[in-house]
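Enquirer: Sequence and predicted structure, then a few things I'm wondering about:
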Amino acid sequence: MGNHGSNLDDILAEDMHHWYNKFMKESPSGQITLFELKAMLGLQGMNEDASSYVDQVFFTFDMDGDGYIDFVEYIAAVSLLLKGEINQKLKWYFKLFDQDGNGKIDKDELETIFTAIQDITRKHDVPPEEIVSLIYERIDVNGEGELTLEEFISGAKEHEDIMEMLKKMMDLTPVLEIIVNGRLAKM
């Protein structure tokens, strides 16, 4: 399992008992707090946007809102990210991007998330402003400066380049590998 060559399909294919043992090794209480997640990923001392993004990821995985990710939520999150249908993933992305919870994504929300992702991954290939401009140019057909869930999903599906960009930006494979392999991030 700890091999650097492990891919996430192999990781997901492991039996539930092994997953449970890994989870309990990382979090003997059976629950992961936000602080523990940041420590596990080696993400202390992040800038405010990056920290806010990790908070948002945590809270979208904390499905019952109790402030902890338990084993069931953990497995559901991993399964969604690795094997979820595209509609499920796009709904999750939308929920993550909609920071104020108003049912719409505005340019500032999207830019904040993309900036945070780049700060965490240290990949600054394309400026977040350019990514956001492209997404809104293609998907926001009404020119309102906001995207509803329906606009977001249909727009992403209609534009292969946007879908690929989202998949690349939202690829949490390195994070999941850190959690599963129980090692600190080397970012």
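Expert: Nice, thanks for sending it over.

Enquirer: Give me the distance between the nearest residue to M169 once chain neighbours are set aside and K22.
Expert: Excluding its sequence neighbours, the residue lying closest to M169 (CB to CB, 6 or more residues apart in numbering) is I117, at 5.7 Å. From N, CA and C alone the C-beta is placed, and that goes for glycine too. For I117, the distance to K22 equals 25 Å [CB to CB, to the nearest Å].

Enquirer: These two: which is more packed in?
Expert: Ranked by neighbour count (other CB atoms under 10 Å), I117 and K22 place I117 first, with 21 against 18.

Enquirer: Mind checking the pLDDT average for the helix or strand that contains that one?
Expert: I117 belongs to helix 107-121 when assigned by DSSP states H and E. Per-residue pLDDT values across helix 107-121 average out to 81.

Enquirer: Sort out which residues of whichever helix or strand comes after it are buried, please.
Expert: Once helix 107-121 ends, the next helix or strand along the chain (criterion: DSSP H and E) is helix 128-139. Across helix 128-139, burial judged by 16 or more other CB atoms under 10 Å covers 128, 131-132, 135-136, 139.

Enquirer: Specify the local secondary structure of Q99.
Expert: coil (DSSP: H, G, I helix; E, B strand; the rest coil).
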